[in-house]
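> Here is my input, please return the structure:
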Amino acid sequence: MKISQFVTGGTLFLFALTAGAVQARGQGQDNHGQDQHDQDRHDQDHHDQNRDGQHGQDHMKFDDHDRQVSRDWYNAHRDHPPMGLRSRDRLPERYESRLHEGYVLDPYMRSRIYAVPGDYNRNLPPAPRGFRYVFVGGHTVLIDGDYRVHDVIHFELNF
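Purely as a prediction, here's the structure:
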C-alpha cells in the first residue's frame, strides 16, 4: 500500500512539474508573440510613413506622387472603370463645381459615393483616422466622417 501511495504521489509530483514547465514555456512563447506583435506594429508604423517622413494619419492632402499614382491606376483601368468613375457616374455641372475642399457633401452627392477599389486604395497613403477615400462623380475624394471634403483628385476624361 505504501509503495502504491509513493508511486501515485510521485506521478502527481512529476505531472505538476511537467505542467509547470509547459506553462513556463508557453509564457515564453507568449512573450515572444508579444515581441513579434510589437515588431509587426513597428513595421506597420514604418510602412505608414509617407514620403515626407510623416505618419499617414497626417496625410490630409494629395501630393504630386498621389496624383501620379492615381493617373497610372486610372489609365490601367480606363477600359473598364469601376463604379464612380464611369461616364454615367459623372456629376451634373451644377454639382461638379461644388466638389472642392471644405464642401460638405449634401444628400444628393452622398448618394453618388462609391468605395475606391482595394488595389487603388493600397497605392495611396493610409487615410487619417476617421477619413476615407471615395469616388464621387468621377473623382477621388478624401472625406471625413461628416462628409466634409478635404481634397480632390479631379479625373478628367483625358486624364
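> in the chain, which spans are strands?
Applying DSSP state E to the chain gives strands spanning 113-115, 131-136, 139-144, 149-154.
> what's the last one packed up against?
Judged by 3 or more CB pairs under 8 Å, 6 or more residues apart in numbering; DSSP states H and E, strand 149-154 is in contact with helix 64-76, strand 139-144. Quick note: C-beta positions are derived from backbone N, CA and C, even for glycine.
> Would you mark the buried spots in that strand?
Neighbour counts over strand 149-154 (16 or more other CB atoms under 10 Å) mark 149-153 as buried.
> One more: the first one?
Along strand 113-115, the positions that meet the burial threshold by neighbour count (16+ other CB under 10 Å) are Ile113.
> domains for the chain, by residue range?
1-48, 61-154 (automatic domain parsing).
> Report the mean confidence score over the shortest one.
Computed over domain 1-48, the mean pLDDT rounds to 45.
> Give me whichever of the helices and strands packed on strand 149-154 is most buried.
Mean neighbour count, computed with mean count of other CB atoms under 10 Å, is highest for strand 139-144 among these, reaching a mean of 23.
> What helices and strands are in contact with that strand?
By 3+ CB pairs under 8 Å, 6+ apart, strand 139-144 packs against strand 131-136, strand 149-154.
> These: which one's closest to Asp64?
Taking CB to CB, strand 149-154 is the member of the helices and strands packed on strand 139-144 nearest to Asp64, at 11.1 Å.
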